[in-house]
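**Q** give me a model of this one.
(one chain, ligands or ions: 1)
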Amino acid sequence: MPHLAEEIRARPVTAAEAARTGEIVIVAIPERAIMDLPKDLFEGVPSDVVVIDTGNYYPARDHRIAAIDDGQIDSEWVAEQLGRPVVKAFNNIEAASLLEKSRPEGAAGRIALPVAGDPPAGRAKLMRLVENLGFDAVDTGGLADSWRQQPGTPPYVQDFDEPRLRDALAAADRSRISEYRRASNEAASAYFQQRLKPRPPGESRASDRG
Ligand SMILES: NC(=O)c1ccc[n+]([C@@H]2O[C@H](COP(=O)([O-])OP(=O)(O)OC[C@H]3O[C@@H](n4cnc5c(N)ncnc54)[C@H](OP(=O)(O)O)[C@@H]3O)[C@@H](O)[C@H]2O)c1
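**A** The predicted model follows:
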């Protein structure tokens, strides 16, 4: 962690400190690990601080999360665990694309990213962040609509530009959420099995894909 922090010029802090550091807090840990976070993580954090959920539920990595398997939307489960509204963003782009494929506003083929969550003011703040990072932000509504950008859906990690992203979001079919998840989980399971092998002491969990 100290090496990574140095490389990306970040300052490592505890989760409680991170929740109190700025106007946007990004939660980017494996879905199941959300349950390990302190229950009072956001206690006293002003309500205009926006919490981003970048998470994706993969049973091959996260084991079974019964509430989601029973039909709860991934990010609604996260918001419930955190006791705090979240905006779902950046879950739909792989780390390498995020790092390498930003483009100036108006550039041909600029990647578009969906942003879903409540309240609308938080979503608007996040959309400005997405644009400032070099991607087109597409408002996909409240958190209840965030299933359209979950693993395996037509727009998931496709690096689409805005027109193609909008078409793919519109093509997502709510009745197929479990089917989408099953297919993307199967596709990723060998990768997660490899990653979940016991690691030598001190080795990081850091990865390079969704
Ligand atoms: N990677 C991608 O390309 C990508 C893209 C889109 C969305 N996502 C989603 O974003 C989320 C994070 O993905 P990731 O690839 O960044 O995961 P990751 O590399 O496996 O883990 C990210 C961080 O989570 C920390 N962590 C793991 N278990 C924890 C726990 N129980 N309590 C506190 N912190 C814990 C790790 O800490 P240590 O380093 O100290 O182990 C690591 O710093 C996932 O839901 C993933 O599906 C990932």
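**Q** please count neighbours and contacts with C-alpha atoms only from this point.
**A** Fine.
**Q** does the ligand have contacts with whichever strand in the chain runs longest?
**A** As assigned by DSSP state E, the longest strand anywhere in the chain is strand 112-117. No. Applying C-alpha under 6 Å from any ligand atom, one finds strand 112-117 separated from the ligand by no less than 11.2 Å.
**Q** contacting residues around that strand?
**A** 85-90, 92-93, 123, 126-127, 130, 135-146, 149, 159-162, 165 (C-alpha atoms under 8 Å, 6 or more residues apart in numbering).
**Q** and the next element down the chain from the helix or strand of the chain with the lowest mean pLDDT?
**A** None of the helices or strands of the chain scores lower by mean pLDDT, DSSP states H and E than helix 2-8, at a mean of 88. Per DSSP states H and E, the first helix or strand lying C-terminal to helix 2-8 is helix 15-18.
**Q** show residues contacting that following helix.
**A** V25, L37, P38, L41, F42.
**Q** if I pick the second one, what's in contact with it?
**A** With contacts defined as C-alpha under 8 Å, 6+ apart, the neighbours of L37 are A15.
**Q** let's go with 10 Å and repeat that
**A** Counting by C-alpha atoms under 10 Å, 6 or more residues apart in numbering, L37 touches A15, A16, I29, Q81, L82.
**Q** repeat for the fourth one
**A** Residues touching L41, when contacts are defined by C-alpha under 10 Å, 6+ apart, comprise A15, A16, E17, A18, A19, R20, L82, G83, R84.
**Q** what is the nearest of the residues you listed to the ligand?
**A** The shortest approach to the ligand among the contacts of L41 belongs to A15, at 7.7 Å (C-alpha to the nearest ligand atom).
**Q** now for that closest one, how many residues are close by?
**A** Counted with other C-alpha atoms under 10 Å, the neighbours of A15 add up to 13.
**Q** same check on E186?
**A** By other C-alpha under 10 Å, the residues close to E186 number 13.
**Q** would you map the helices across this structure?
**A** Per DSSP state H, the chain carries helices over the ranges 2-8, 15-18, 59-62, 66-69, 74-82, 95-100, 120-132, 162-171, 177-195.
**Q** residues contacting the fifth one, please?
**A** Judged by C-alpha under 10 Å, 6+ apart, the contacts made with helix 74-82 from elsewhere in the structure are 27, 31-32, 34-43, 51-57, 65, 67-68, 71-72, 83-88, 116-117, 143-147, 150-151.
**Q** restrict the contacts of helix 15-18 to those near the ligand?
**A** Counting by C-alpha under 6 Å from any ligand atom, no member of the contacts of helix 15-18 is near the ligand.
**Q** JSON lines for these, including pLDDT?
**A** Output for these, formatted as JSON lines (pLDDT from 0 to 100):
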{"residue": "V25", "pLDDT": "97"}
{"residue": "L37", "pLDDT": "97"}
{"residue": "P38", "pLDDT": "95"}
{"residue": "L41", "pLDDT": "97"}
{"residue": "F42", "pLDDT": "97"}
